[in-house]
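Asker: For reference, the sequence and a predicted model appear below.
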Amino acid sequence: MGLLYQDRVRRQVVAALEHGALCVCDLFAKTQGAFPQDVKQALDDLVTEGTVVLANGTATLAAPARPSACPGDPSLALRALDRVEPHPVDYDWRFSPGTIEWLATEFVSRHLSRARWACLGTPTLFVHLRALGFDAVLYERNRSIVEAIRDGRAICQDLTLPVPGRSFDAVVADPPWYADYYKIFLSRASEILVDDGFLFLAVLPRLTRPSACADRLDVQRTALALGFEICEVRPATLAYDTPAFEKRSLENAGVACKQWRRGDLFVLQRVWNEAGAPLVQPDDYGLWQEYAFGSVRVKVRRGSVKKKGALLMRLPEATLVSRRSPLRPDVDLWTSQNDAYRVGDLDLLHRVLRELQAGISPQQLVDELPTVNDDDQASLACLLLNLWNARLGGQP
């Protein structure tokens, strides 16, 4: 029996016993067609290493070993992350504390606490896993988040580009809930997972939007094409904190609610190696320049385009959070508080925000502006003052 096949049989024995103790004869029937003598050899190996207990012909998983905790206080990193306010441009919804704890417990119960883990777009979960002693690496595109965590295993990585030089036993991924992003995350997970490695994937529920059922089917087709097999679906098990921008959007629509968003958990296993097609960046990738003022993050569309009309024209907020919003193409400046504007002179605005971020006061910046009318001056002064207050630690 080859080493790779032997390892796959061992993994299947463990997976069968996760649902409870089994007599050896019943275990033979739950190992995906592996011959009984191969299953017996795998079982003996697992008993020898202490993963399985065999008594009176009944096999049971030993109590899972918990990793030893890493030094350091995870609350420090989590508080630092709280100061990086989620932004709608980044599709930044973060798992709730309860979900983070549940996922960690789930990973331990599946005997994956000693595995090599890759976290794709799950910064708060990464911080928690590291505090528990998991061998985990975070790949995150948002540099502000990576810098806030201050952990050498938190890596700023554009997932449309290959992840250099590492392989992992398990991956947990929370992509933005759109087909182009799912393809990127699934492709990278397929590349970095070992044979028979597991992917824990957050997936949009069926009624997220009118196209959600079709979108879910597309996720499944992409996963199968990349060599994954869907092992399990756990509906509505992933709860998310409601970010400030979504709270404001809901309030402006007359809806008051707290933690409402749920995602489904798909458990997939990489059963063969299938190279994917070259990845294409989503249409909204790389369009924005970020400026930070305290916890408030401001995204401004890149470029120096001038448009007719007002220097700043505020856009309605209620529908902007959804990628389907017809107003999104008009947004040139967007804050993490869900304030959105059409901008008449992008080059001017970039310059003003750079100088404000460097510490030049709003009054000085407004006084030094080229000739603008009174309405434009008042709109810009109000925006800059709000951002200045956020920079000083107040609320915008």
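Answerer: Received it, and whenever you're ready, just let me know what you need.
Asker: what's the domain layout of this structure?
Answerer: When the chain is parsed with automatic domain parsing, its domains come out as 3-61, 74-270, 288-391.
Asker: For residue 282, find the nearest of those domains.
Answerer: Nearest to residue 282 among the domains of the chain is domain 74-270 (4.4 Å), distances taken as CB to CB. Backbone N, C-alpha and C define where each C-beta goes, glycine included.
Asker: count of residues packed around residue 342?
Answerer: Residues contacting residue 342 under the criterion other CB atoms under 10 Å number 18.
Asker: ok, residues contacting the strand or helix carrying it?
Answerer: Per DSSP states H and E, residue 342 falls inside strand 340-343. Contact with strand 340-343 is made by 300-301, 307, 309-315, 317, 320, 327, 330-334, 349, 383, as judged by CB atoms under 8 Å, 6 or more residues apart in numbering.
Asker: I'd like to know which of those are part of strands.
Answerer: 300-301, 312-314, 333-334 (DSSP state E).
Asker: mind listing what residue 118 touches?
Answerer: Counting by CB under 8 Å, 6+ apart, the residues that residue 118 touches are 136-137, 139, 163, 166, 168, 170-172, 189, 192.
Asker: taking those residues one by one, which sit in helices?
Answerer: 189, 192 (DSSP state H).
Asker: which one of the contacts of residue 118 has the most neighbours?
Answerer: Highest neighbour count within the contacts of residue 118, by other CB under 10 Å: residue 189, with 29 neighbours.
Asker: residue contacts, that residue?
Answerer: 118, 120, 171, 173, 199, 201, 270.
Asker: ok, back up a step: what about the strand holding residue 342, average pLDDT?
Answerer: Mean pLDDT, strand 340-343: 92.
Asker: What strands flank it, and is each parallel or antiparallel?
Answerer: Strand pairing for strand 340-343, determined by DSSP bridges: strand 312-314 (antiparallel), strand 333-335 (antiparallel).
Asker: Quick one: distance of the least confident helix or strand in the chain by mean pLDDT to the chain centre.
Answerer: Least confident helix or strand of the chain, by mean pLDDT, DSSP states H and E, is helix 74-82 with a mean of 75. Centre-to-centre, helix 74-82 and its host chain are 17 Å apart (CA atoms, centre = their mean, to the nearest Å).
Asker: re the thing from before, in a markdown table: the strands paired with strand 340-343, plus distance to residue 233 and mean neighbour count.
Answerer: Formatted as a markdown table, the strands paired with strand 340-343 follow (distance: least, CB to CB, whole Å; neighbours: other CB atoms under 10 Å):
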| stretch | distance to residue 233 | mean neighbour count |
| --- | --- | --- |
| strand 312-314 | 42 | 17 |
| strand 333-335 | 34 | 24 |
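Asker: Could you say which one of these comes nearest to residue 249?
Answerer: strand 333-335 (11.9 Å).
Asker: Please enumerate residues in contact with the lengthiest helix in the chain?
Answerer: Counting residues, the longest helix found in the chain (DSSP H) is helix 374-391. Residues lying outside helix 374-391 but in contact with it, judged by CB under 8 Å, 6+ apart, are 293-296, 298, 310-312, 314, 339, 341, 344, 352-353, 356-357, 361-363, 365-366, 369, 372, 395-396.
Asker: hmm, which of those residues are the buried ones?
Answerer: Neighbour counting with 16 or more other CB atoms under 10 Å marks 293-296, 298, 310-312, 339, 341, 344, 352-353, 356, 362, 365-366, 372, 396 as buried within the contacts of helix 374-391.
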